[in-house]
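J.: here's a sequence, model it:
(one chain, ligands or ions: 1)
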Amino acid sequence: MATKRVTVTDPASETSTELPVLEGSLGTPVIDIQKLTKELGYFSYDPGFVSTASCQSAITYIDGEQGILLYRGYPIEQLAQQSTFLEVAHLLIFGELPKPAELSAFAAEIKREAMIHETLRKFFDGFQYDAHPMAMMVGVVGSLSAFYHSELDMTDPEHRRISAIRLLAKMPTIATACYRHSVGLPFVYPRGDLGYCENFLNMMFSLPSLQYSGDTQWYLDPLASEALSLLFILHADHEQNASTSTVRLASSTGANPYACISAGIAALWGPAHGGANEAVLGMLNEIGHPDRIPEYIRRAKDKNDPFRLMGFGHRIYKNYDPRAMIIRKACHAVLERFSQSDPLFDLAMALEEMALNDDYFIEKRLYPNVDFYSGIIYKALNIPVNMFTVMFALARTAGWVAHWLELKSDPKQKIGRPRQLYVGAPRRDYVSQDRR
Ligand code: ACO
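T.: Here you go, the predicted model:
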């Protein structure tokens, strides 16, 4: 209920309207501008939705000034330290951390749904071996809509629930198939005796020669799946970011949920969003040596140079991204176990230090974001660089389906349809080309 109001007056027509101020349970209050058009005859203008709340949501809360991130009220630091990705996915999707019996049932259902239809496997044959894995993800996840469409009744909560489970369950199978296709290896089926992250690693790296030759199956090391679980937890949701808003907008039309998630994957791919983790590695490789850092810092500050420090800055965080802090700490343990050391990690830390002490970055409050260090861990786990954004998509599926379910059960939900400020030609009459 709104207790406060703000008055907006249009001096031209000498008309005023009172707009309610809505208070959430935490965070900045919002002005409900729905009456603005009807009563004053104006639309609002907010490119990039910098000041606009597009929905009410009870899933994730971010305080960018303080560097706070809560999933369903739980601080990200506590979840990262004490829970697993599947527990967090349950929390995001169903609102509560699962009790032991609920977690077993959830994990069992995920395992049952992890297989993909054999016909869907054939879709991969249509892609060149060098297709980007994100291109394959967009296509193959969208193609799930061809397998689950006519029987889906989106007004039935059980149909919605099973769609959410299927998406989460099939994502590792599809993601790893993208990788195996690109390197020409046979696909590996999900195994019932492995957990979510173990299954992912097994489907990525399992080779008959490793199993029978006695060579190390490093990917079955619990630290590898724990590191993956940690990264998935940190990437699982981030309220109304670009890809989640894309999923919501597509879903608002009543489109097939698998097609909506595919739209989210497409939005995530951009370097300003989830594609940044791949771009960070590219940037670090390009810098190559600590001596060259000042040159790249200078370029990042130069308005005439399109170069930006990838993995730095965030629309919401004007403080250290709490996820980057957690990943930075985790890097040490993972590198120690799997690759001893990585000069790129040392380079990243040197770059961070120099940027954080530079007036430009201080003034603009630009800090490392989640993607600055995540690639270092993925690289230590032998995940190829072009799969980094796929890893992000896999984890973010938990958030996307949570938002999709929330939108679908919102009685006030409307089709998303922004307005515009038209700046094109005024009305003019058609004149045939030969009379001109
Ligand atoms: N390097 C150099 N300058 C930067 C950077 C950067 N990484 N990020 C922002 N700035 C500057 C901008 O040039 C702008 O300067 P100005 O005020 O003089 O014009 C100012 O800081 C504000 O930046 P905006 O681009 O207006 O901020 P916005 O909220 O629109 O963009 C974004 C945020 C896209 C994340 C931006 O910081 C960026 O491009 N970062 C690099 C890419 C990246 O790491 N993306 C991942 C984000 S996290 C995620 O999606 C998972």
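J.: excluding chain neighbours, what is closest to the residue in the stretch 251-400 of the chain that the ligand sits nearest to?
T.: Here the residue of the stretch 251-400 of the chain nearest the ligand is residue 313; by CB to the nearest ligand atom that distance is 2.4 Å. From N, CA and C alone the C-beta is placed, and that goes for glycine too. Distances taken as CB to CB, 6 or more residues apart in numbering place residue 366 nearest to residue 313, at 4.4 Å, with adjacent residues excluded.
J.: residue 388 too?
T.: residue 277 (4.2 Å).
J.: next: residue 64.
T.: Sequence neighbours aside, residue 316 is the residue nearest to residue 64 in space, at 3.8 Å (criterion: CB to CB, 6+ apart).
J.: mind checking the SS state of the residue nearest to residue 388?
T.: Counting by DSSP: H, G, I helix; E, B strand; the rest coil, the backbone at residue 277 sits in helix.
J.: show the subsequent helix or strand relative to the helix or strand bottoming out on mean pLDDT in the chain.
T.: Sorting the helices and strands of the chain by mean pLDDT, DSSP states H and E puts helix 208-213 at the bottom, at a mean of 63. Downstream of helix 208-213, the next assigned helix or strand under DSSP states H and E is helix 222-235.
J.: please name the residues that touch residue 80.
T.: By CB atoms under 8 Å, 6 or more residues apart in numbering, residue 80 lies in contact with 230, 233, 234, 326.
J.: how many other residues sit next to the last one?
T.: What that stands for is residue 326. Using other CB atoms under 10 Å, the number of residues around residue 326 comes to 21.
J.: what packs against the lengthiest helix in the chain?
T.: The longest helix of the chain (DSSP state H) is helix 157-183. Where contact means 3 or more CB pairs under 8 Å, 6 or more residues apart in numbering; DSSP states H and E, helix 157-183 is packed against helix 85-94, helix 100-112, helix 133-147, helix 196-205, helix 257-268, helix 388-408.
J.: what residue in the stretch 1-150 of the chain comes nearest to the ligand?
T.: The minimum distance from the stretch 1-150 of the chain to the ligand, using CB to the nearest ligand atom, falls at residue 48 (6.0 Å).
J.: return the residues in contact with that residue.
T.: Shown in contact with residue 48 (CB under 8 Å, 6+ apart): residue 315.
J.: so where's the stretch 251-400 of the chain shaky on pLDDT?
T.: When residues are selected by pLDDT under 70, those of the stretch 251-400 of the chain lie in 340.
J.: residue numbers of it in contact with the ligand?
T.: When proximity is defined by CB under 6 Å from any ligand atom, the stretch 251-400 of the chain lies next to the ligand at 272-274, 276, 300, 308-315, 364, 366, 369-371.
J.: residues touching the closest residue to residue 88 other than its chain neighbours, list them.
T.: Counting by CB to CB, 6+ apart, residue 88 lies nearest to residue 233, which is 4.8 Å off, once chain neighbours are set aside. Counting by CB under 8 Å, 6+ apart, residue 233 makes contact with 76, 79, 80, 83, 84, 85, 88, 395.
J.: now render these as JSON lines, adding distance to residue 157.
T.: Listed next are these as JSON lines, based on distance: CB to CB, whole Å:
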{"residue": "76", "distance to residue 157": "28"}
{"residue": "79", "distance to residue 157": "26"}
{"residue": "80", "distance to residue 157": "30"}
{"residue": "83", "distance to residue 157": "25"}
{"residue": "84", "distance to residue 157": "26"}
{"residue": "85", "distance to residue 157": "24"}
{"residue": "88", "distance to residue 157": "22"}
{"residue": "395", "distance to residue 157": "25"}
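J.: so what's residue 203 up against?
T.: Applying CB under 8 Å, 6+ apart to residue 203 gives the contacts 172, 173, 176, 177, 180, 187, 188, 189, 190.
J.: tell me the one of the residues you listed nearest residue 8?
T.: residue 172 (49.9 Å; CB to CB).
J.: what about the closest residue to that closest one other than its chain neighbours, neighbour count?
T.: Counting by CB to CB, 6+ apart, residue 172 lies nearest to residue 200, which is 4.1 Å off, once chain neighbours are set aside. A total of 27 residues lie near residue 200 under the criterion other CB under 10 Å.
J.: is it correct that residue 200 is in contact with residue 227?
T.: No - checked against CB atoms under 8 Å, the pair residue 200 and residue 227 is beyond contact range at 11.7 Å.
J.: residue 390 against residue 135, yeah?
T.: No - contact between residue 390 and residue 135 fails when scored by CB under 8 Å: they sit 10.4 Å apart.
J.: for residue 284, find the nearest of the helices and strands packed on helix 157-183.
T.: helix 388-408 (12.4 Å).
J.: tilt between the closest one and helix 222-235?
T.: Helix 388-408 runs at 50 degrees relative to helix 222-235, counting by axes from the mean of the first three to the mean of the last three CA atoms, to 10 degrees.
J.: who are the packing partners of helix 388-408?
T.: Here helix 388-408 touches helix 85-94, helix 133-147, helix 157-183, helix 222-235, helix 242-251, helix 257-268, helix 276-287, helix 371-380, going by 3+ CB pairs under 8 Å, 6+ apart.
J.: dump those helices to TSV, plus distance to residue 341.
T.: Output for these, formatted as TSV (distance: least, CB to CB, whole Å):
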stretch	distance to residue 341
helix 85-94	27
helix 133-147	27
helix 157-183	25
helix 222-235	16
helix 242-251	33
helix 257-268	30
helix 276-287	14
helix 371-380	10
